[in-house]
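S.K.: Could you work out the structure for the sequence below:
(one chain, ligands or ions: 1)
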Amino acid sequence: MVLREVNGMFLGDLDTFTLITIALTLFLIAYMVAMSVFSRRKEVKVRKTYTILKCVDCDYKKEREFKEGDYVGKVEGDCPQCEGPLVIYAIYDKEEKLR
Ligand SMILES: [Zn+2]
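M.R.: Sure, this is the predicted structure:
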């Protein structure tokens with residue numbers, strides 16, 4: 001066994017108990033690493049609400065995160081393209097996957 005020979009050179013001859021302990025420790029480390037990789041890969045879904053703003057006069061459209069007080073039909077500022085009124089056109093929920 002190569003491991004035993006290599007260790008034997010530096011640490012002296014290892015008995016069975018030490019080898020089992022090392023094997024168990026390595027297994028535990030590998031298990032923990034695998035678990036952390038697995039939990040990182042697990043998808044976390046978060047629901048987020050978005051608001052779509054649309055210009056009344058042209059086809060300018062903007063999407064942003066929902067703010068309190070938003071409602072469909074609310075006028076919010078001017079269109080950056082034609083300075084017409086920007087109106088909240090839709091509010092919707094989106095499921096987002098977080099890493
Ligand atoms: Zn416009």
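S.K.: Would you point out the helix or strand in the protein whose mean pLDDT is lowest?
M.R.: helix 2-11 (a mean of 56; mean pLDDT, DSSP states H and E).
S.K.: I'd like the average pLDDT over the helix or strand that that one is followed by.
M.R.: Using DSSP states H and E, the next helix or strand after helix 2-11 towards the C-terminus is helix 16-41. Here helix 16-41 scores 89 as its mean pLDDT.
S.K.: Could you identify the helix or strand that succeeds helix 16-41?
M.R.: strand 44-55.
S.K.: Just name whatever secondary elements the helix or strand following that following strand is in contact with.
M.R.: Using DSSP H and E, the helix or strand that follows strand 44-55 in sequence is strand 61-65. If contacts are counted by 3 or more Cβ pairs under 8 Å, 6 or more residues apart in numbering; DSSP states H and E, strand 61-65 sits against strand 44-55. Just so you know, the C-beta spots here come from the backbone N, C-alpha and C atoms, and that holds for glycine as well.
S.K.: Give the buried residues for the strand it packs on.
M.R.: 51, 53-55 (16 or more other Cβ atoms under 10 Å).
S.K.: Show me the chain divided up by domain.
M.R.: 2-41, 44-98 (automatic domain parsing).
S.K.: Looking at these, spot the one closest to the ion.
M.R.: The ion sits nearest to domain 44-98 of all the domains of the chain, at 3.0 Å, using Cβ to the ion.
S.K.: wait, does stretch 36-55 make contact with the ion?
M.R.: Yes - shown here: stretch 36-55 in contact with the ion (Cβ under 5 Å from the ion) through Cys55.
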